[in-house]
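K.L.:
structure for this input, please:
(chains A and B)
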Number of protein chains: 2
Amino acid sequence: MMQRLVNGSPADTLALADRAVQFGDGVFRTLKMVGGAVPFWLRQLDRLTHDAALLGIEAPAASDWLADIAELHRQGVRDAALKFIVTRGESQRGYAVPDVVKPTRIAQAAPLPAYPDTLQSDGVAVRWCDTKASWQPRLAGIKHLNRLENVLARNEWRDAAIFEGLMCDRDGAVIEGVMSNVLLQEGKALVTPKLESGGVAGVMRSVALEAAARLNWSVSEININPERLLRANRVWLCNSLIGMVPVRELAGRHWESHPADQQLLEVIRTMEKEETACF
Amino acid sequence: MMQRLVNGSPADTLALADRAVQFGDGVFRTLKMVGGAVPFWLRQLDRLTHDAALLGIEAPAASDWLADIAELHRQGVRDAALKFIVTRGESQRGYAVPDVVKPTRIAQAAPLPAYPDTLQSDGVAVRWCDTKASWQPRLAGIKHLNRLENVLARNEWRDAAIFEGLMCDRDGAVIEGVMSNVLLQEGKALVTPKLESGGVAGVMRSVALEAAARLNWSVSEININPERLLRANRVWLCNSLIGMVPVRELAGRHWESHPADQQLLEVIRTMEKEETACF
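P.N.:
Sure, this is the predicted structure:
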């Protein structure tokens, strides 16, 4: 069961002329709604607007998204994986953007994924993907609709015991998980791949980095190779739906909980409380 | 005015649940219809099926596309830029492909672009794009729906005197035009960028290479840097709508017609006659 709004009105379809269909010409964000409240609401809208601007797309006003939330609420949506999409809008044939083009705003509400209760306590098993992350500086960090490489990477495995796959770029640097960002805890430091040539800069990634900074840990975005990742005290996966999930197992390496884990998670919980919008 | 069919039926919309909308998860081909006839019909379907297979998508049978052509014909379509799209189909949230998924077949008919009659005789002015072609071997050569980099590259210029932009990759190798393939005539040789890490392998590109081979020219897919391109006797742009168009001007370099031009074009005209499907 999925509720969908296009430009504020209930709809299950999109115009074929929309550039999302033709070119994947748009951006999106995934948000978690629990009991009608959305953690990191403002960050999500900020990132969506930021990404849209990088592609030359004018993002909708916050009031439009609030109207969508109100409409979804009216439809009974309380707990959901929300997806907000902004496309460049409709155009005729060809890559050129018309002088006048009206962005399309899409809000989708899907059921929250049924993750086990032990996801965050027990951690997850992950694998390396053969599919490499693209090199494309113009799109790096942007959560855009060109997601074929994630589709190909995710479909390298069907074993339900594997929660996530990690992707490296052409130079062998770790970039991200198929659906998550990756952070390494190294003593009192939190490091994450820099996303200058690929990958998506997720909201939870920014939250985790800020949480570590609040703890006075060292924080940096750097080149990380797989060997360094395997030596970390802790490897975290994060996105807005899973929150912070530790890696339990990767390529024969096993991780146990680390004393600093709870410090980090505690600060993130505090930030989440501070930054949750209740509608 | 644009005619559109989804799975054979007239439609102007696509399900939001379609993975083309969510991820750009599909492939396409652009075909030219003139007087109801389509040049290189079988090559187009072959490439579409080939590309779909590389992404694990089952392409529609030729008979389905023939039914679409018949329906468009019934609607009065005779001269058109056709776009055939195959998406992976609909799914719930997430990158994973469901065990059962039914591809979506889309046929669009747009007016043929209004190119000047002198396009092929006079040639065109082109520019270098700042936007680089992605490095992504898993998608290289495939005409897939993740076309944001083409959108960004095309929107670097608005000067109508510039017909096309050329894109290089991270290593400085020429890959393609925003909407065309690039071929260099070097004496009795025709060379074109190899597409191992990016770019789209167009049907006209394959036609031109075969035509050169029929002339007993040397034919190769190689690394081409901009300096080599500027030294060529002739630089050709090609796609299914423009056919073969010579570059007249690029970065201060001007080209005149070359004696070998007409030989190549003559063979291509012959091939087109041999391979045009009349419906």
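K.L.:
going forward, measure contacts and count neighbours with C-alpha atoms only.
P.N.:
Noted.
K.L.:
could you point out which element follows the helix or strand bottoming out on mean pLDDT in chain A?
P.N.:
Ranked by mean pLDDT, DSSP states H and E, the helix or strand of chain A with the weakest confidence is helix A:119-122, at a mean of 91. Moving toward the C-terminus from helix A:119-122, the next helix or strand (DSSP states H and E) is strand A:124-128.
K.L.:
now the element after that next one, going C-ward?
P.N.:
helix A:148-154.
K.L.:
so for that next one, mean pLDDT?
P.N.:
The predicted model gives helix A:148-154 an average pLDDT of 98.
K.L.:
does chain B sit close to the next helix or strand after it?
P.N.:
For helix A:148-154, the following helix or strand on the C-terminal side (DSSP H and E) is strand A:162-168. No. On the criterion Cα under 8 Å from any Cα of the partner chain, strand A:162-168 is out of touch with chain B, staying 11.0 Å away.
K.L.:
what strands line up against strand A:162-168, and which way round?
P.N.:
Paired with strand A:162-168 in the same sheet, following DSSP bridges, are strand A:124-128 (parallel), strand A:174-177 (antiparallel).
K.L.:
buried residues in it, which are they?
P.N.:
Of the residues in strand A:162-168, A:163-168 count as buried by neighbour count, 16 or more other Cα atoms under 10 Å in any protein chain shown.
K.L.:
stretch A:26-39 now?
P.N.:
A:26-33, A:36-39.
K.L.:
repeat for stretch A:130-138
P.N.:
Buried, per 16+ other Cα under 10 Å, within stretch A:130-138: A:131-138.
K.L.:
which two from the residues you listed end up farthest apart in space?
P.N.:
Farthest-apart pair in the buried residues of stretch A:130-138 is A:T131 and A:R138; separation 20.0 Å (Cα to Cα).
K.L.:
which parts of the stretch 151-279 of chain A sit against chain B?
P.N.:
Counting by Cα under 8 Å from any Cα, the residues of the stretch 151-279 of chain A near chain B are A:151-152, A:154-155, A:170.
K.L.:
can you redo those as TSV with neighbour count?
P.N.:
Formatted as TSV, those follow (neighbours: other Cα atoms under 10 Å in any protein chain shown):
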residue	neighbour count
A:V151	22
A:L152	23
A:R154	23
A:N155	18
A:R170	15
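K.L.:
next, give me the two most distant ones among those.
P.N.:
Farthest pair in those, by Cα to Cα: A:N155 and A:R170, 19.5 Å.
K.L.:
from the chain's centroid, how far away is the least confident helix or strand of chain A?
P.N.:
Offset of helix A:119-122 from its chain centre (Cα atoms, centre = their mean, to the nearest Å): 19 Å.
K.L.:
for it, name the packing helices and strands.
P.N.:
On a contact count with 3 or more Cα pairs under 8 Å, 6 or more residues apart in numbering or on different chains; DSSP states H and E, helix A:119-122 meets strand A:243-250.
K.L.:
so what secondary structure elements neighbour the strand it packs on?
P.N.:
In this structure, strand A:243-250 makes packing contacts with helix A:119-122, strand A:124-128, strand A:234-239, judged by 3+ Cα pairs under 8 Å, 6+ apart.
K.L.:
parallel or antiparallel, list what pairs with it.
P.N.:
Strand A:243-250 is paired, per DSSP bridges, with strand A:124-128 (parallel), strand A:234-239 (antiparallel), strand A:253-254 (antiparallel).
K.L.:
of all the ones you listed, which lies closest to B:A61?
P.N.:
Taking those one by one with Cα to Cα, strand A:124-128 is closest: 35.6 Å.
K.L.:
what lies in contact with that closest one?
P.N.:
A:161-167, A:245-251 (Cα atoms under 8 Å, 6 or more residues apart in numbering or on different chains).
K.L.:
what comes up buried for stretch A:224-233?
P.N.:
Across stretch A:224-233, burial judged by 16+ other Cα under 10 Å covers A:224-225, A:229-230, A:232-233.
K.L.:
same question, stretch A:74-93
P.N.:
Neighbour-count burial for stretch A:74-93, counted by 16+ other Cα under 10 Å, picks out A:77-91, A:93.
K.L.:
start to end distance for stretch A:34-50?
P.N.:
25 Å (Cα to Cα, to the nearest Å).
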